[in-house]
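*Asks:* quick one, fold the following:
(chains A and B)
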Amino acid sequence: MKRKLSFFLLLLLSASLVFGTEAKDIVDRMEESMDFQDAFFHAKMTNTDRFGSISAEFDAFQRENGDTLLVVTSGPERGQKTLRLENDIYIYYPDADEVVRLSKSGLKDSFLGSDFSYEDLTGDDDFDARYDYELEGQALFQDRECFNLFFKAKSLSETYQMQRMLVDCELFIPLKVELYSKSGRLLKEIYYSDYVKENGTSYPTRMEVVNTVKKGNSSLIVLSDLRFDTGLDDELFSIEELAW
Amino acid sequence: MSMLALKNIGRNKKRTFLTALAVFMAVYIILIMIAFCETMINDMLENSKKYSTGDFRITDKTYLENEDLAPIQFNIGNASQKAEMLERLPFVERAEALSKIGVSAYQDGGLTNLTAIGVETQKSSFTISKGVMLLEGRMIRTGENGLVATTRALDKLGLDEGDRITLISRTTTASTNAVTFDIVGEVAYDSSEFNGEIVIMPLDSLSRLCRMGSGAIEILVHTTEDSDRYASEKAMHSILNDESLNIDFWQDKSFIYAFMPFYDWMYAVIEALFFFISSTLVFNTTMMGIMERKKEISAMLAFGFSRRSVILLFIQEAGFTAIIGTITACISGFASIALAGRYGIDLTGFGADEMEGWSFSNILYLELEAKTIIGVAAVCLLISISAALIASLRIRKIEVADALREED
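*Replies:* Next up is the predicted model:
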């Protein structure tokens, strides 16, 4: 009996070690496939709620460390700029005297009234630093075999305390992410599709977020004109330059 | 008998004074209390109509259905133009387009929640009514990027007239926008509802902040007193000719009005309590008078007065005393109410300006109709005489021989 129990425990330990190593490998390969020094893209965003749909367009500039500049190029908010530097969000409104700074709690605020938060669209995806994760197994999603990864935040200050991600087994790109609150409530589902490969970097050109708290609310972003590693000017990411 | 009653009243001035004082106090307090309650309730209804509902409130139907979500994208387009159209109707005194929206003031990375009210500066209750008190600076003007703020808003922000403030608001596209405004003045309102953390700005400025164009959330229509509700509604629907708009009569929208039955009950209970206290006072003083004058009553009975005529005598005495007390109370009450009606009673020290949501007036200008004063006087007299009658009935039980034998 004792021998049987020891064997079972050993099996469990080995399985967890294998899955742990495998999860790390999957996340590393995913980060590698989507890695870039800097990126630029143009985006058209359509927000849908119970009252109808509204569209806006914006340009996005992003650096590897997560610094991001979003410039609204059409619609009523044209001219509005959003800059993320580390955990702060700076927003430039053309009619305001000063640049508005939102602290870390502002990261979960909505971007242009969409279901995408600033956190969803900006910042880095260094999962090793921010989350503990494990492989929960495999699942079939849109006819693709996917790894099912579960992430748990290392810090209480993370906007999403838990995530569940389906990563394509072959291409190592995320196809679906479920975002949870600390209590385990599903907040959003994000679907990534229509990946393009540019300079060795894979990037989704279609991202759809479904708000599971506000039924009927969703936002769709379609990207175009993607450019990677063009050597973006550092000044683009300065607060002083934001108002110019 | 009446002459004897009057003579008796004059004979014991201290007793008469005390009885009359009891009646005086009861009538005076009831009069002041009724004036206070009636003025307060009337003011609450008036304030609610003046600032919140108008006689009619016009809103977009979809906005109204989802008012708790404040979907400001469902505003009334060309609102000022529509208000002008409504003013052409003979029963409309004034129609004002306005928007009330929650905004945040941005200061050094922090946000402070405020209510922003966008108004048509030339004709809004928030700018032209006599309840507006401009404490500092000047009133807002259409087309300018200025605002006036309540004292509490300025205190919370740590700002003064002449400073600038950046306000952030949700927009009609569900996004956010920020605009920097000049604080041109400090205001206070006669309604507690609007002395919280509030800023008032021209409608076009607020519309620019929340990207509402020429729209407004609501149009408040102030009508003449004699206008008929249903005919007015029909005429307004006809002139606006817009199926997407909803017209509400103020009584259907007023939070205060919904509480009126409760107020009436509360009011009746308080009044009954005061009437009960006054009747107890009269009863007690009459009773004391009878106990004190037991020998005198016995002597009268011994001299051949019937018990009925002695009871009548005592009722007359109480009646005359009550009349003296009631008349002096009515005169004093009327004078006090007139004085308070002219100069007002400042309730801010009692926290009236803190009572948001109830439209309390900060300063009460008491008023009371003459018929109410006459009514109170009549009821008090009736109660006094009834109390005296009940007390006087004890005379029936007085044993003449025993009372005369009793030592003083």
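
*Asks:* residue A:170 falls within a strand, correct?
*Replies:* No - per DSSP: H, G, I helix; E, B strand; the rest coil, residue A:170 lies outside any strand segment and is coil.

*Asks:* so it makes contact with residue A:147?
*Replies:* No - using CB atoms under 8 Å, residue A:170 is not in contact with residue A:147, being 10.4 Å away. All C-beta atoms are positioned from the backbone trio N, CA, C, and that covers glycine.

*Asks:* between those two, which one's more packed in?
*Replies:* residue A:147 (23 against 9; other CB atoms under 10 Å in any protein chain shown).

*Asks:* beta partners of that one?
*Replies:* Using DSSP bridges, the beta-bridge partners of residue A:147 come out as residue A:138, residue A:167.

*Asks:* show me the contacts for it.
*Replies:* A:23, A:26, A:135, A:138, A:166-167, A:169 (CB atoms under 8 Å, 6 or more residues apart in numbering or on different chains).

*Asks:* quick check on whichever residue of chain B sits closest to chain A: phi, psi?
*Replies:* Distances between chain B and chain A by CB to the nearest CB are smallest at residue B:174, namely 2.8 Å. The phi and psi values for residue B:174, taken as degrees, to the nearest 10, are phi 70, psi 10.

*Asks:* can you report how many residues neighbour it?
*Replies:* Residues near residue B:174, counting by other CB under 10 Å: 18.

*Asks:* so it sits right up against residue A:45, yeah?
*Replies:* No - the criterion here is CB under 8 Å, and residue B:174 misses it with residue A:45 at 11.6 Å.

*Asks:* give me the common contacts of the two.
*Replies:* Common contact partners of residue B:174 and residue A:45 (CB under 8 Å, 6+ apart): A:112, A:114.

*Asks:* what about the longest strand anywhere in chain B, average pLDDT?
*Replies:* Looking across chain B with DSSP state E, the single longest strand is strand B:92-107. Averaged over strand B:92-107, pLDDT sits at 95.

*Asks:* for it, list every residue counted as buried.
*Replies:* Neighbour-count burial for strand B:92-107 flags B:92, B:94-101, B:103-106 (criterion: 16 or more other CB atoms under 10 Å in any protein chain shown).

*Asks:* helices or strands up against it?
*Replies:* If contacts are counted by 3 or more CB pairs under 8 Å, 6 or more residues apart in numbering or on different chains; DSSP states H and E, strand B:92-107 sits against helix B:79-87, strand B:110-119, strand B:164-170, helix B:203-209, strand B:218-223.

*Asks:* pull out the buried residues from the next helix or strand after the second one.
*Replies:* The element immediately downstream of strand B:110-119 (helix or strand, assigned by DSSP states H and E) is helix B:125-128. Within helix B:125-128, the residues that qualify as buried by neighbour count (16+ other CB under 10 Å) are B:125-128.

*Asks:* okay, those residues in a markdown table with pLDDT next?
*Replies:* Below are the buried residues of helix B:125-128 laid out as a markdown table (pLDDT from 0 to 100):
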| residue | pLDDT |
| --- | --- |
| B:125 | 93 |
| B:126 | 94 |
| B:127 | 94 |
| B:128 | 92 |
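
*Asks:* can you tell me which of the residues you listed lies closest to residue B:329?
*Replies:* Nearest to residue B:329, judged by CB to CB, of these is residue B:125 at 37.7 Å.

*Asks:* picking up where we left off before, distance to chain A added to the buried residues of helix B:125-128, as JSON lines?
*Replies:* Formatted as JSON lines, the buried residues of helix B:125-128 follow (distance: CB to the nearest CB, whole Å):
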{"residue": "B:125", "distance to chain A": "28"}
{"residue": "B:126", "distance to chain A": "23"}
{"residue": "B:127", "distance to chain A": "23"}
{"residue": "B:128", "distance to chain A": "28"}
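
*Asks:* switch those residues over to CSV; also include distance to residue B:15.
*Replies:* Converted to CSV, those look like this (distance: CB to CB, whole Å):
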residue, distance to residue B:15
B:125, 55
B:126, 58
B:127, 60
B:128, 58
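
*Asks:* closest to residue A:69 out of the residues you listed?
*Replies:* Closest to residue A:69, out of all of the buried residues of helix B:125-128 and judged by CB to CB, is residue B:126, at 40.5 Å.

*Asks:* now do the contacts for the closest one.
*Replies:* If you count contacts by CB under 8 Å, 6+ apart, residue B:126 has them with B:51, B:98, B:117, B:119, B:132, B:189, B:194, B:200.

*Asks:* all strands of the chain, in order?
*Replies:* No chain specified, so I'll use chain A. Assigned by DSSP E, the strands in chain A fall at A:38-49, A:52-63, A:68-74, A:81-85, A:88-92, A:100-102, A:131-141, A:144-153, A:162-168, A:174-180, A:186-198, A:201-211, A:218-228.

*Asks:* oops, I was thinking of chain B
*Replies:* Taking DSSP E to define them, one finds strands in chain B at B:56-60, B:92-107, B:110-119, B:132-137, B:146-150, B:164-170, B:176-189, B:198-202, B:218-223, B:245-249, B:345-346, B:363-364.

*Asks:* switch those over to TSV; also include distance to residue A:69.
*Replies:* Below are the strands of chain B laid out as TSV (distance: least, CB to CB, whole Å):
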stretch	distance to residue A:69
strand B:56-60	37
strand B:92-107	20
strand B:110-119	22
strand B:132-137	39
strand B:146-150	31
strand B:164-170	20
strand B:176-189	17
strand B:198-202	31
strand B:218-223	39
strand B:245-249	43
strand B:345-346	55
strand B:363-364	54
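
*Asks:* residue B:122: neighbour count?
*Replies:* Other residues near residue B:122 number 11, with proximity taken as other CB under 10 Å.

*Asks:* looks like it contacts residue B:142 (just checking).
*Replies:* Yes - if you go by CB under 8 Å, residue B:122 and residue B:142 touch, sitting 7.0 Å apart.
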